[in-house]
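Visitor: Predicted model follows, preceded by the sequence.
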Amino acid sequence: MHELLTPREMGEADRLAIAAGPYDGYALMRNAGVSIVGALLERFPDAGRIAVLCGPGNNGGDGYVAAKLLSETGLAVACFRNHAPRENSAAFLAAADYEGPVHSLEDFAASEFDLIIDAFYGAGLARSIEGIERSIIDAVNAANVPVVSVDLPSGISGASGATLGAAFKAILTVTFFRKKPGHVLQPGRDRCGEILVTDIGIGERVLDAIAPQCFENTPHLWHQAFPTLSADIHKYRRGHAVIFSGGLTATGATRLSARAAARIGAGAVTVLSPPDALLVHAAHLTSIMLRRTEAVADAVNFIRERKVFSAVLGPGFGDFARIRELVPALLDKCETGEAFKGLVLDADALTAFEDDPDQLFRAAGETDANALVLTPHEGEFHRLFGTIGADQALSKLEKARHASKRANAIIIYKGPDTVIAAPDGRAAINTNATPLLATAGSGDVLAGMVSGMLAQRMPTFEAAAAAVWLHADAAKRFGPGLIAEDLPEMLPEVLADLGLG
Ligand SMILES: NC(=O)C1=CN([C@@H]2O[C@H](COP(=O)(O)OP(=O)(O)OC[C@H]3O[C@@H](n4cnc5c(N)ncnc54)[C@H](OP(=O)(O)O)[C@@H]3O)[C@@H](O)[C@H]2O)[C@H](O)CC1
Ligand SMILES: [K+]
């Protein structure tokens, strides 16, 4: 159930389902109407006066079916519309079968109803909503009458989650078969309210032909890929990660990453420290090891000789020139050795390339697509991927995908709707975030978690997606008062509940 279908893919699912039978388009629409009414009666048993706002397409068709069913239960239902459905469409049949009153939108007043069914537009929204429909959306939102949206809140693009003109703020959105990216990307996600995905008779088998590449980030996506422990494992075989430390006054970020890498299951974690910070680390570290490194060669030799599998570079690092020297060396298997699988660049390691991102992309382009993870938040993304970031026509999902191809790296584009994208086109949108994660050091922990999973040879896309989900789950479990130090300490509980590790 974690596949997300674009409106185009959903249209294809519809077409394949009708071709396979037994339902034709109107039968699917009737099933959709039954789902809407079932959810509505369960949640709003006291709604006496219900308005159904019907658009000209099949979304409106679902509205007529719902109106007919509700009026058959004895409720006072009124339909409003601007345009009748196209002749011979399924929506046309639904409108003809509904025998109650159909009024002009001009006569609609939100205050006269206990509940509004929004069936203006769904998957077919093609442009900005204007005119009377826009005025009604604004008035309904201001009046605070509960809105149940059919498929999507009208005005929200199913592909991007963007608002086109104006969009309803629904209390419940009933969608069909699978969610769409617009349900999980902002601002769409906030406009949906509760999201109910219902079965309308489309068989799972249609997904074989569609082969969706976008997923909601849930444990189903990466559970199977999570490292398991065999009885004969030892600490270095379990996986060795290194974290690069900055200088004397900025060592905390390193330790947060290191602790997270260890807690997520790396067998050994070593902090690579410049000489001036060694004593500070020595005073704080216990199970995590410490190694003095000065020149780039010290670091890559250590990685090669100690069979290190992954590294984090950036948190608290400070020295941008050194980062620009280190990255090409760390992406070069001749330097690091074949065992080294993955480099996570965060914070300063992203900023270090803002004047010349091509330098980073060139180095990444010469390595395999699973060797590098970049973890930009909004500002870092724009600095690194200026043109892609500024392209208003692209959704956050598309931006992450373009950036991933451009950089030949897995991108974790952070935010309330973090997108994880791989150069092969796969993408996951995260939905379990909490504002509690807006605390200093939480990004350092995330970077450490990714590297801890890479150290255990988890495939990179899955490791990145798992880290994002587990990180948010840890924050939610801790709750108010959370600081970054708490995140690694919550991981044992998070992992145990999922049966992982
Ligand atoms: N398998 C399923 O998921 C099923 C879905 N159903 C429902 O069908 C809709 C999708 O129906 P569709 O007819 O493709 O699209 P819409 O109803 O959303 O809208 C298309 C019509 O709206 C016009 N339009 C689009 N944008 C605007 C706008 N901003 N202002 C005015 N008019 C607009 C569009 O006009 P064009 O000129 O562009 O053609 C169309 O007339 C899906 O969301 C589900 O609710 C089925 O009922 C069951 C199976
Ligand atoms: K709608």
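Guide: Nice, thanks for sending it over. Numbers count the residues shown, from 1 in each chain. Ligands and ions are numbered 1, 2, ... in the order given.

Visitor: Please list the residues of the chain that sit near ligand 2.
Guide: Residues of the chain found near ligand 2, taking C-beta under 5 Å from the ion as the criterion, are 118, 122, 149-150, 154. Using the backbone N, CA and C atoms, a C-beta is placed for each residue, glycine as well.

Visitor: from these, which two are the most distant?
Guide: Greatest spatial distance in the residues of the chain next to ligand 2: 118 and 122, 9.4 Å, computed using C-beta to C-beta.

Visitor: hey, what's in contact with both of the two?
Guide: Common contacts of residue 118 and residue 122 (C-beta atoms under 8 Å, 6 or more residues apart in numbering): 150, 154.

Visitor: Can you give me the domain boundaries for this structure?
Guide: Using automatic domain parsing, the domains assigned to the chain come out as 7-212, 219-498.

Visitor: where along the stretch 1-150 of the chain do the helices fall?
Guide: Taking DSSP state H, counting those that start in this stretch, the helices of the stretch 1-150 of the chain run over residues 7-20, 25-43, 58-72, 90-97, 131-143.

Visitor: For the second one, buried residues please.
Guide: By that I understand helix 25-43. 25-33, 35-37, 39-40 (16 or more other C-beta atoms under 10 Å).

Visitor: try the third one
Guide: Taking 16+ other C-beta under 10 Å as the basis for neighbour counts, the residues of helix 58-72 that come out buried are 58-71.

Visitor: Of all pairs in these, which one is the farthest apart?
Guide: Farthest pair in these, by C-beta to C-beta: 58 and 71, 20.2 Å.

Visitor: quick one on the thing from earlier: distance to ligand 1 and mean pLDDT added to the domains of the chain, as a markdown table?
Guide: Listed next are the domains of the chain as a markdown table, based on distance: least, C-beta to the nearest ligand atom, whole Å; pLDDT from 0 to 100:
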| stretch | distance to ligand 1 | mean pLDDT |
| --- | --- | --- |
| domain 7-212 | 2 | 97 |
| domain 219-498 | 17 | 96 |
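
Visitor: Let me see the backbone angles for residue 120.
Guide: Torsion angles at residue 120 (phi, psi; degrees, to the nearest 10) stand at phi -70, psi -60.

Visitor: if I pick it, what's in contact with it?
Guide: 53-55, 59-60, 129, 133, 137, 154-155.

Visitor: Go through these and give me the one with the most neighbours.
Guide: Highest neighbour count within the contacts of residue 120: residue 54, with 31 neighbours (other C-beta atoms under 10 Å).

Visitor: Now do the same contact list for that one.
Guide: With contacts defined as C-beta under 8 Å, 6+ apart, residue 54 is in contact with 60-61, 63-64, 67, 79-81, 95, 102, 119-120.

Visitor: Apply 7 Å and report the result again.
Guide: 60, 63-64, 79-81, 119 (C-beta atoms under 7 Å, 6 or more residues apart in numbering).

Visitor: Report the separation between it and residue 347.
Guide: In this structure, residue 54 and residue 347 are 51 Å apart, going by C-beta to C-beta, to the nearest Å.

Visitor: next one: residue 418
Guide: Residue 418 is 16 Å from residue 347, where distance means C-beta to C-beta.

Visitor: Between these two, which is the more surrounded one?
Guide: Each of residue 418 and residue 347 has its neighbours counted (other C-beta under 10 Å); residue 418 has more, 27 against 24.

Visitor: can you map out the helices along the stretch 201-350 of the chain?
Guide: Counting by DSSP H, counting those that start in this stretch, the helices of the stretch 201-350 of the chain are 206-210, 235-238, 252-263, 278-284, 296-305, 320-330, 333-336, 348-351.

Visitor: Please identify which of those is closest to residue 184.
Guide: Minimum separation from residue 184 across these (C-beta to C-beta) falls at helix 206-210, 17.8 Å.
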